[in-house]
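**Q** sequence-free structure coming up:
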């Protein structure tokens, strides 16, 4: 009889496959995916991401944003994303809360009504531009 694999390990292996971790992946990309994997393998339904892609180059950041969006499409977690990147917020969010300066208070709530799934093509739509201007305007007032 083969030894049983603890459920956490089998979940980790299946998540690693879903995270598309390969030897060819850039190291920064692998680190971010593994960090997310550590969170989601615990079976949590809420994921907190605080500037998860801020230190990455543009191409890697865009790749991981699209990867995160596809993972959300598959698993529908609740994700709380803290970011200062306006296009990233619009690409990944359904609702954006703009906070004012200290003490932090909600200054604006913007519902993002872009259709899902969202890919790079949504960044050049007229609706994306309208939402981006509304978000930037509320940031200027915050």
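**A** Here it is on my side, so go on. Everything numeric in this text was worked out from a predicted model, so none of it was measured.
**Q** give me the neighbour count for residue 50.
**A** Counted with other C-beta atoms under 10 Å, the neighbours of residue 50 add up to 9. (C-beta placed from N, C-alpha, C; glycine too.)
**Q** how near is it to residue 127?
**A** Using C-beta to C-beta, to the nearest Å, we find residue 50 at a distance of 28 Å from residue 127.
**Q** how's the protein carved up into domains?
**A** As given by automatic domain parsing, the domain ranges for the chain are 7-82, 84-142.
**Q** now those domains as CSV including mean pLDDT?
**A** Compiled in CSV, the domains of the chain are given as follows (pLDDT from 0 to 100):
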stretch, mean pLDDT
domain 7-82, 74
domain 84-142, 94
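**Q** can you show me the helices along this structure?
**A** Residue ranges of the helices in the chain, as given by DSSP state H, are 7-18, 27-40, 58-75, 86-92, 126-141.
**Q** return the most buried member of those.
**A** Compared across those, helix 86-92 shows the largest average neighbour count, a mean of 19 (mean count of other C-beta atoms under 10 Å).
**Q** which residues outside that helix are in contact with it?
**A** 53, 61, 65, 68-69, 72, 79, 81, 83, 96, 112, 114, 118, 122-123, 128, 131-132, 135-136, 139 (C-beta atoms under 8 Å, 6 or more residues apart in numbering).
**Q** buried residues in stretch 41-61?
**A** By neighbour count on 16 or more other C-beta atoms under 10 Å, the buried set for stretch 41-61 is 41, 47, 49, 52, 53, 56, 60, 61.
**Q** circling back: so which of the helices of the chain comes closest to residue 104?
**A** Comparison of the helices of the chain against residue 104 by C-beta to C-beta identifies helix 126-141 as nearest, at 13.6 Å.
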